[in-house]
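S.K.: Output the structure for:
(chains A and B)
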Amino acid sequence: MNAQIFPFHGGVHPPEMKDLSNRSPIVAMPIPARLSIPLQQSIGNIAQPLVSVGERVLKGQMLAAANGNISAAVHAPTSGQVIALDAQAVAHPSGLTQSCLTLASDGLDEWIAREKFDWRAAMQRGDAKAIREYVQNMGVVGQGGAVFPSHLKLISREPLDTLIINGAECEPYITCDDRLMRERAIEIVAGIAIVRQLLNAKQVLIGIEDNKPEAIEALRTALMGCGFSAQVVVVPTLYPSGGAKQLIKLLTNIEVPSGVRSTDLGVQCFNVATIYSIYAALEHAEPVISRVVTLTGNVEKPCNVEALIGTPIDDLLKFAGLKSPSDCIYGGPMMGFTLPSTQVGLTKAGNCIIAMDAANFPEKPREMPCIRCGECAVACPQELQPMDLYWFARSKNFGKAQERNLFDCIECGACAYVCPSSIQLVDYYRFAKSEIWDAERAKKSADTARERHEFKQFREEREKEEKAARLAARAAGQSVSARAAPKPPVGEVAATEASVAPIADGDDKAAKIRAAMARAAAAKGETPASSAAAPAIDADKAAKIKAAMAAAAAKKAAANTPAAHNPTDVAGAGLPQDTVAKPAIDEEKAAKIRAAMAAAAAKKAAKVAGETAPVVEPVIAGVENPVEAVVEKPAMDEEKAAKIRAAMAAAAAKKAAKAAQSDKDAQ
Amino acid sequence: MSFLFALALMAGLAVLLGAVLGWAAIKFKVDEDPLVDKIDAVLPQTQCGQCGYPGCKPYATAIANDEAPINQCPPGGTDGIHKLAELLGKEFIPFDDGGGAAEKPRAVAVIREDVCIGCTLCIQACPVDAIVGAAKQLHTVIESECTGCELCIAPCPVDCIDMVVVGENVNTWKWRYPVIQLKQVH
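M.R.: Numbers count the residues shown, from 1 in each chain, chains lettered A, B, ... in the order given. You can find the predicted model right below:
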């Protein structure tokens, strides 16, 4: 009756502890008052929120949309009001916070209008993309624990050889898939039919461990007369037969090599809970808003509940009747982690919550040195050399660990389970893996930075060349016209050029052109005598000097008492501007205005020296408008420069005012 | 006769092989010192200039030419010095305390947007073009591109740029090195 089984290497058989929770049917968990829904509930990108705080949402409404391909949507598990959208603790070993949506349920549990998606019609059209998008928008992710977005697994370019349905549920304590198969076998079979059709699978194998005879029977009954051939294969109870690679080996004798996806070998694997979600999404337009979770361990009535995503773990434990305050494991005892807080919300990955009791979870014995007995290598289902990996991870020799295929480790914990020295091997592998990932992230960002830096250097070089070429072309045209008839407009052009030029600093050609133009302007005698000496001075430098002088003046003004303040003092700060201001009359005017404004700013600053009022905004506002009104378009760069100078003067004045204030305080 | 033939053969071979070598020297000429690239690959590419060189590549060149010690890169940290030491076959040297070069946690620049006047000075200072904005428009830092070099802080005329330390999040969190919990004995 049963198909042939191809045992995988290694594996362990810890006490099953499944009969604690598998005897009672799944009960619906009452709607909690408050739900904390993490926005990241799948591998890949965090979903993007679509709702805002205060909004009322209906059950099944999309709260956050998938962001990119490797991402899945998140939906409202019940109707209610969004009361917060912020960083909160999530079910993660780090205990760190992440974006969560807090929903206050209104108890009405009111569904949003659901529109059934006709996937069969889409299938006939050959529109597989629409089906995948729909599945993604329904938030379907792998519920075996990896939370890989399921739509990515529904792609098949050519007919799939074998579709494997994973009902092994090999980890101790967990019974949620067992109960689901017993109670909802018909729905699961309907889901298998859908996935089988989507993937065009030739063969369907359902792998279930032999410790779940009721589930095997239920599925076999449901499969009778379902219209397609599928086989329930009973596999021996041996942890971790529920690992995708292990189950594939068990059922098909295909060993998935390192770095190869099973799809490439014609095999695709789905967990039964995921199949059920796909069925609910495609046949009833129900997004993933709840899941069956096993509550077991140190509780009054261990059971399986169908709980809404986002239900606080505290509520779940209260529902099951926590016997005494104890730490909780999220997931199974082999691969799960201790929850840093029970205030976090249930996620799509949460298949089991175990309240740890002292009898079954004694304190970890002291780690002894590795004696290289090789027990771990015998137990490793991935056929790795755990003692070598341990050695390299411990000595932080990550390169060597990677060479020994660290990343093929599925962190099943079989090695640590058999270790006679009680070494927490998986902790070392996790440490090494996250260090390697971190180094890779750093490498990636360094590469991006290098690329961007090189591009910036290239861009600056190019701009410099372009500017030089432009200036040369203009200078050539100008010298011709200057020789022919020296007219006033030429001086104006020269002024603008001079203000543009400093950017092309360091370029010989540009400097020569600039000097020549300044000389031409000076020769025309339109500039005051003082500015005749200016040509050699870099306008940039001049601006800096000016700013510094303005700042100094402002400081002085602030240091003196407001009454003793003398406007001519500050006007002096504006003086050097005259030397910079080039022939055009507009320019002179602008310079004068600037000087007056600097004075005004300084005065204001001096006046408010006693208080730390916001000086910057009013001053800038006062400065900007007159300049814009007076200065004409040709002097655009001058205008910018003037603004920057004014802003700097204002900042300096502010600083001075602050300094004066602190001086006063000190006195 | 055979002596002459051997001589001619050897001479001919020498000329031929010489020509091949000469051609290969031109054809496969390596323009840049490959060591510089190797060193550059180890440096963190913040382009911050804290080493005293205008960017990571110039510092890499200086190390390759034995003009600079390997402990001048604060963003690279102690790990970076170890890597350089390993690459160059040199002794590990810690950061010197007097030089001001010390390890810092990773931080990114953040512009206080209500204070920014849109002067574009920080944009010009950024070595990796990680600041967006235009004249008179407020600027903002692209967090993912910021290397935390702090070069934008000095030019800002209104001091509106802060360095904010980037903490861990759920996705960048690292499992700690397993340690044995010590128990208090009464």
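S.K.: Quick check: residues of chain B near chain A?
M.R.: B:40, B:43-47, B:55-56, B:115, B:117, B:119, B:121, B:126-130, B:135-136, B:144-145, B:147, B:157-159, B:168-170, B:172-178, B:180 (CB under 8 Å from any CB of the partner chain). (Glycine included, C-beta is placed from N, CA and C.)
S.K.: Phi first, then psi, for the most centrally placed residue in chain B.
M.R.: The centroid of chain B falls nearest to residue B:43 when counting by CA atoms, centre = their mean (3.0 Å). Main-chain torsions, residue B:43, degrees, to the nearest 10: phi -70, psi 150.
S.K.: Surely it touches residue B:56?
M.R.: Yes: using CB atoms under 8 Å, residue B:43 is in contact with residue B:56, at 4.2 Å.
S.K.: From chain B, how far out is residue A:160?
M.R.: 32 Å (CB to the nearest CB, to the nearest Å).
S.K.: What about that residue, how many residues nearby?
M.R.: 21 (other CB atoms under 10 Å in any protein chain shown).
S.K.: Likewise for residue A:11?
M.R.: Neighbours of residue A:11 (other CB under 10 Å): 21.
S.K.: of all the residues in the stretch 251-400 of chain A, which ones are close to chain B?
M.R.: So the stretch 251-400 of chain A meets chain B at A:366-367 (CB under 8 Å from any CB).
S.K.: Output the set of residues of the stretch 51-200 of chain A in proximity to chain B.
M.R.: Going by CB under 8 Å from any CB, the residues of the stretch 51-200 of chain A near chain B are A:90, A:92-94, A:96-98.
S.K.: Going by neighbour count, which of these comes out on top?
M.R.: residue A:90 (24 neighbours).
S.K.: From what I see, that one and residue A:97 are in contact.
M.R.: Yes: look at residue A:90 against residue A:97 with CB under 8 Å: they come within range, at 6.9 Å.
S.K.: joint contacts of these two?
M.R.: residue B:170 (CB atoms under 8 Å, 6 or more residues apart in numbering or on different chains).
S.K.: count of neighbours near residue B:131?
M.R.: 22.
S.K.: Identify the residue spatially nearest to it, adjacent ones excluded.
M.R.: Nearest residue to residue B:131, sequence neighbours excluded (CB to CB, 6 or more residues apart in numbering or on different chains): residue B:123, at 4.8 Å.
S.K.: That neighbour: what secondary structure?
M.R.: With DSSP: H, G, I helix; E, B strand; the rest coil as the basis, residue B:123 sits in helix.
S.K.: same thing with residue A:246?
M.R.: helix.
S.K.: and it, what does it touch?
M.R.: A:8, A:11, A:240, A:381 are the contacts of residue A:246 under CB under 8 Å, 6+ apart.
S.K.: can you rerun that using 10 Å?
M.R.: Counting by CB atoms under 10 Å, 6 or more residues apart in numbering or on different chains, residue A:246 touches A:7-11, A:166, A:168, A:170, A:207, A:235, A:238-240, A:256, A:381-382, A:410, A:412.
S.K.: what does residue A:449 give?
M.R.: Per CB under 10 Å, 6+ apart, neighbours of residue A:449: B:44-47, B:56, B:127-128, B:130, B:145-147, B:149.
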